[in-house]
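Asker: Next one to model:
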Amino acid sequence: MFRGSRDGATMIKRWLTPAVATLLALASLGAVALLQRRADAYRGAQVSIEDLSARAQLVGVTPLQLTDGLLPPSSVATEMYSGEKVVDAGLSTLRRTERSAPLTKLSRLVPVAFANDNQILKLLSADPKLSSPSDLLAALHLGGTAEAAGAAMTTSFTRTKNNYSARLSAAQTQSFVGSALAILGLLAVFFVFYRRWWKARAALAHDARTDALTGLANRRALICDIDEQLRHATRERPLALALYDLDGFKSYNDTFGHLAGDALLARAAQQLQAALLGAGRAYRMGGDEFCTLQTIEPTQVAEMRERATQALEESGEAFEIGCSCGTVLIPAEAGTADAALLLADHRMYQQKATGRTSASRQSADVLLKVLNEKDGDLGNHIGDVALLAQATAQHLGLAEPDVRRVRLAAELHDVGKSAIPDEILNKPAELDGAEWDLIRAHTLIGERIVRAAPSLADVAGLVRSSHERVDAGGYPDGLGGQAIPLGARIIAVCDAFDAMISPRPYREPVTISEALNELRRCRGTQFDPPIVDAFCTLIESRSDDRPLGLAA
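Answerer: Next up, the predicted model:
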């Protein structure tokens, strides 16, 4: 629950900043659009006022020009009528877009001024003898009223025009500031997203060159580092490439589980990087393979390899992890990254094959020597079962490492009988219940003996389960079916077959055909059917009717 909450908070935090920046940028663009629209409206109003003001200049001027006989009254009347309509329509349009005190006052003054001029036109048309302005005004009883109305209208036009000019200037300033803020907002949004893109790109690049489990650099990073440092490497101070593979890790994984295996790999990685003392870099190549790369003196290679080997080794109750190593000096022994890795890999597996075979074989030989000293017949039986198990495993298509593991477990499956008294092992009569209980305990004893040797820990489980039955009627754990390890199921068939065809103190041996028939009879109850089929096919395919030496 808490992890989900943290993930949700992280997602909100990750996207909140770009979301807010985007909203601010959009808001800035919207504000700029509104300010620009307002500036355009004020500019249009200013132009309209200037046009109306020019047309309104006819008022009080054009009629009086008749006193000089410049225009006929009919022409002046037409022009005045047209001007009045234009001015009235323009003011009406401006009032619909905005209501202001100057516009309201102007709207009241314009009709009065035009009405006065219309009276003047009518009077002049009726009595042309009125030739002076004073006579006209006196005849109309207007006097200073008409002049005041015209002057007031002109003043109002001027003020209104100035008002719109001021508004236009303010709107243009606001629009400029808003545009600048919008540009800054867009730049901020771009910066935020560019920064996130750059971080994501850097993270992807880091992930592409980093092992997710251990945090070490991976194979891709190693190739790049070799190519980069190869230019500066010399024979006197070469680039030392060391490849390490953990011995016993598969058995550790099988025994303790993958989570424990992952934890061991993570510990090994930290210890390996620390062992370099800051003078190089550690890598995980995949699986249980590691690598180191550092520029050192040739005389320091052995010391470096020893420190790294100790860092990767780990042991505990019932397990021991070692490592095999292959070292290459660049450019003395290889001129490219690929050549160096290939040579290091070859040397590492040479050491692995030699070291691992030696450790497990020596331990097994010691135990088998003890059995032979105790009972030579038991030693012969174990050798025969091992050959049969090896041949059966090969016939079933198991990989070579698994074949070797099955054979080794078959050799050791009765090692626990070394703790059983001879009088019970060689008793010529049937065993009683207590004696059978002691015999059945030999698998547990054998497991403890085998697991005491770390190099044999991966076969201890097969020794324990070598007398289980597929119908869950075996011992010591009562496992059934596929719960029994495959190697143990193979050993059970081979052990039963060799026991039937070998003489015992309490019975005579049976023939090979009788033994095979007994295996088939117990197919699906005591023994795994596919293994029985494979074993019988293998034995019956022999041309010399001898079951032993099948692996030869």
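
Asker: biggest strand in this structure, by residue count?
Answerer: If you go by DSSP state E, the chain has its longest strand at strand 319-330.

Asker: Export that strand to PDB, keeping only CA atoms.
Answerer: Taking C-alpha atoms only, strand 319-330 is exported to PDB below (Å, rounded to 0.1, in the frame of the first residue of the first chain):
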ATOM      1  CA  PHE A 319      27.800 -24.400   0.300                       C
ATOM      2  CA  GLU A 320      31.000 -23.000  -1.100                       C
ATOM      3  CA  ILE A 321      31.300 -20.500  -4.000                       C
ATOM      4  CA  GLY A 322      34.600 -20.200  -5.700                       C
ATOM      5  CA  CYS A 323      35.600 -18.700  -9.000                       C
ATOM      6  CA  SER A 324      37.600 -19.400 -12.100                       C
ATOM      7  CA  CYS A 325      39.600 -16.700 -13.800                       C
ATOM      8  CA  GLY A 326      41.000 -15.900 -17.200                       C
ATOM      9  CA  THR A 327      43.400 -12.900 -17.600                       C
ATOM     10  CA  VAL A 328      44.500 -11.000 -20.800                       C
ATOM     11  CA  LEU A 329      47.000  -8.100 -21.200                       C
ATOM     12  CA  ILE A 330      46.100  -5.600 -23.800                       C
END
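
Asker: So for it, mean pLDDT?
Answerer: Computed over strand 319-330, the mean pLDDT rounds to 87.

Asker: And what about Ser513, helix, strand or coil?
Answerer: The three-state label for Ser513, taken from DSSP: H, G, I helix; E, B strand; the rest coil, comes out as helix.

Asker: Which neighbouring elements make contact with the helix or strand hosting Ala302?
Answerer: With elements delineated by DSSP states H and E, Ala302 resides in helix 301-312, which encompasses its position. If you count contacts as 3 or more CB pairs under 8 Å, 6 or more residues apart in numbering; DSSP states H and E, helix 301-312 packs onto strand 239-247, helix 258-275, strand 289-295, strand 319-330. (C-beta placed from N, C-alpha, C; glycine too.)

Asker: where do the helices sit along the stretch 301-450 of the chain?
Answerer: The residue ranges that make up the helices of the stretch 301-450 of the chain, judged by DSSP state H, counting those that start in this stretch, are 301-312, 337-374, 376-395, 400-412, 422-425, 433-440, 442-451.

Asker: Of those, which is nearest Arg523?
Answerer: With respect to Arg523, and counting by CB to CB, the nearest of the helices of the stretch 301-450 of the chain is helix 376-395 at 14.5 Å.

Asker: in the closest one, what counts as buried?
Answerer: If you call a residue buried by 16 or more other CB atoms under 10 Å, then helix 376-395 has these buried ones: 378-379, 381-395.

Asker: How about stretch 257-271?
Answerer: Judged by neighbour count (16+ other CB under 10 Å), stretch 257-271 contains these buried residues: 261, 264-266, 268-269, 271.

Asker: so what pLDDT did Leu341 get?
Answerer: pLDDT for Leu341: 90.

Asker: Could you do Leu103 as well?
Answerer: Per-residue pLDDT puts Leu103 at 60.

Asker: where exactly do the helices run in the stretch 101-250 of the chain?
Answerer: Counting by DSSP H, counting those that start in this stretch, one finds helices in the stretch 101-250 of the chain at the ranges 101-126, 133-140, 144-208, 219-229, 249-256.

Asker: what residues does the helix holding Ala302 touch?
Answerer: Contacting residues not belonging to helix 301-312 are listed as 240, 242, 244, 246, 268, 271-272, 274-277, 280, 290, 292, 294, 296, 321, 323, 325, 327, 329 [CB atoms under 8 Å, 6 or more residues apart in numbering].

Asker: need the helix or strand of this protein with the lowest average pLDDT.
Answerer: The weakest-scoring helix or strand in the chain, judged by mean pLDDT, DSSP states H and E, is helix 133-140 (a mean of 47).

Asker: what's the neighbour count on Asp345?
Answerer: Applying other CB atoms under 10 Å, we find 17 other residues in the vicinity of Asp345.

Asker: How about Glu333?
Answerer: Glu333: 16 surrounding residues under other CB under 10 Å.

Asker: Tell me the spatial nearest neighbour of it, not counting adjacent residues.
Answerer: Distances taken as CB to CB, 6 or more residues apart in numbering put Leu343 closest to Glu333, at 6.4 Å, once the chain neighbours are dropped.

Asker: same check, this time on Ala419
Answerer: Excluding the flanking residues, the one nearest Ala419 by CB to CB, 6+ apart is Ile445, at 4.9 Å.
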